[in-house]
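*Asks:* Based on what follows, work out the 3D shape:
(one chain, ligands or ions: 2)
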Amino acid sequence: MTQKEPITVAITGAAGNIAYSLIFRICSGELFGTDQPFNLNLIDIEPGMSILEGLVMELQDSNFHLINKTICTTDPFEGFRDADYAILLGAYPRNKNQTRKDLLGKNAPIFKIQGKALSLVAKRTVKVVVVGNPVNTNALMTTKFAENIPKENIIALTRLDMNRSISQLSRKLNKNVSNIKNVFTWGNHSASQFVDLSNGYLLEGSKKTPLTQLVEEEWIYGKFQKTNQMRGKEVLLKRGRSSAGSAANAIIDCLKSWIYGTENYVSMGVISDNNPYNVPENLIFSFPCTCKNGTWQIAKDLKPNDFCKKMIKKNVEELVEERRIAFELLKD
Ligand SMILES: NC(=O)c1ccc[n+]([C@@H]2O[C@H](COP(=O)([O-])OP(=O)(O)OC[C@H]3O[C@@H](n4cnc5c(N)ncnc54)[C@H](O)[C@@H]3O)[C@@H](O)[C@H]2O)c1
Ligand SMILES: O=C(O)C[C@H](O)C(=O)O
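*Replies:* Ligands and ions are numbered 1, 2, ... in the order given. From the prediction side, this is the model:
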């Protein structure tokens, strides 16, 4: 059997919290397959370089046969060269007194330079997952500055919100997470997000029971929403650091959906152009998506109820304001 050509995977913030969970899972072959070799381009800033050297020593000591070549660099123009995949973790996390939006001033400029670098040196087909917060607006800034990369190739991670909602439902119904389908979030990865289970169902054998028949309306519009909206903060308060293992897991789930396709709706933060839900153009918005042949599509035939429409509007307003602030910050 001939060996596959190596692909190139670039990861920013590679010395950080999420990266330490993510990189070992990627290297095990879980994401790209146990027969797909890759080059690993690890990017961080100067203070992260010693940590990266230690990480590379650990990767060596793990005997991962899929790693073709590893580089560590502070230069995104080197790190993104010929990238097939770019996972943008490199950004500052919030502290317990901040909202994700408070990070815009510090983090948005990172995505201007990285967008430019991706545009110049990555493959035009590169798939980019932005994770650093505030993730929707950072992803939008990446699309703005990565002029040569199609906007569809750059998405924001909102899969963790979807995963959290499924986990909540699993605990509420005392059913396995794998039996819960078609639950997703709309809008921003913030405390305004709206979890929509109106199309969701519990799958048992071939029997599909709508989730709206299994949980009370008061819970759906109350505790269910609030728990999802505040989950990141709750984890931060308990751990003293923001979610990392679950974020890494959501990145793998998200990329697997994008690369290998989906049977059900999944949450993806994607460019809003031409969406059928009256979200204005040029926002990165979490929509229910399906994926096929390495591309995503926004679900077309859903009928959001009045409450959901109200929440979509609230998220639009929030993201338009974040976009205004970010444009102001990043204008030349
Ligand atoms: N979208 C989501 O669901 C989600 C979930 C969890 C965390 N996050 C966000 O992901 C980001 C990373 O989280 P973490 O816990 O790994 O943080 P961390 O502080 O542990 O790691 C961040 C890393 O990024 C590096 N970095 C900073 N500026 C950089 C730059 N210009 N280029 C390259 N690297 C740079 C830092 O040196 C550090 O090593 C944060 O913004 C966090 O809020 C998002
Ligand atoms: O909440 C945070 O700041 C980190 C992340 O966005 C999360 O949802 O866990």
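*Asks:* Could you list the contact residues of the stretch 101-250 of the chain toward ligand 1?
*Replies:* Contact residues (C-beta under 6 Å from any ligand atom) of the stretch 101-250 of the chain with ligand 1: I110, V131, G132, N133, V135, L157, L160, H189, S242, S243, A244, A247. The C-beta positions use only the backbone N, C-alpha and C, and glycine is treated the same way.
*Asks:* please redo it, this time with the cut-off set to 5 Å
*Replies:* The stretch 101-250 of the chain comes close to ligand 1 at residues I110, V131, G132, N133, V135, L157, L160, S242, S243, A247, as judged by C-beta under 5 Å from any ligand atom.
*Asks:* Enumerate every residue touching the fourth one.
*Replies:* With contact set as C-beta atoms under 8 Å, 6 or more residues apart in numbering, N133 has these partners: A91, P93, R94, R100, L103, N107, H189.
*Asks:* Out of the residues of the stretch 101-250 of the chain next to ligand 1, flag the one nearest to E217.
*Replies:* Nearest to E217 out of those is L160 (C-beta to C-beta; 25.4 Å).
*Asks:* Show the model's pLDDT score for the nearest residue to the closest one once chain neighbours are set aside.
*Replies:* Spatial nearest neighbour of L160, chain neighbours left out: A250 (3.8 Å); criterion: C-beta to C-beta, 6 or more residues apart in numbering. pLDDT recorded at A250 is 99.
*Asks:* can you confirm A250 is in a helix?
*Replies:* Yes: the assignment for A250 is a helix, going by DSSP: H, G, I helix; E, B strand; the rest coil.
*Asks:* I figured it hits R159, correct?
*Replies:* Yes: using C-beta atoms under 8 Å, A250 makes contact with R159 at a distance of 4.1 Å.
*Asks:* what kind of secondary structure is T8 in?
*Replies:* T8 ends up strand, using three-state DSSP.
*Asks:* pretty sure it is touching D82, no?
*Replies:* Yes: here T8 reaches D82: they are 5.1 Å apart, a contact under C-beta under 8 Å.
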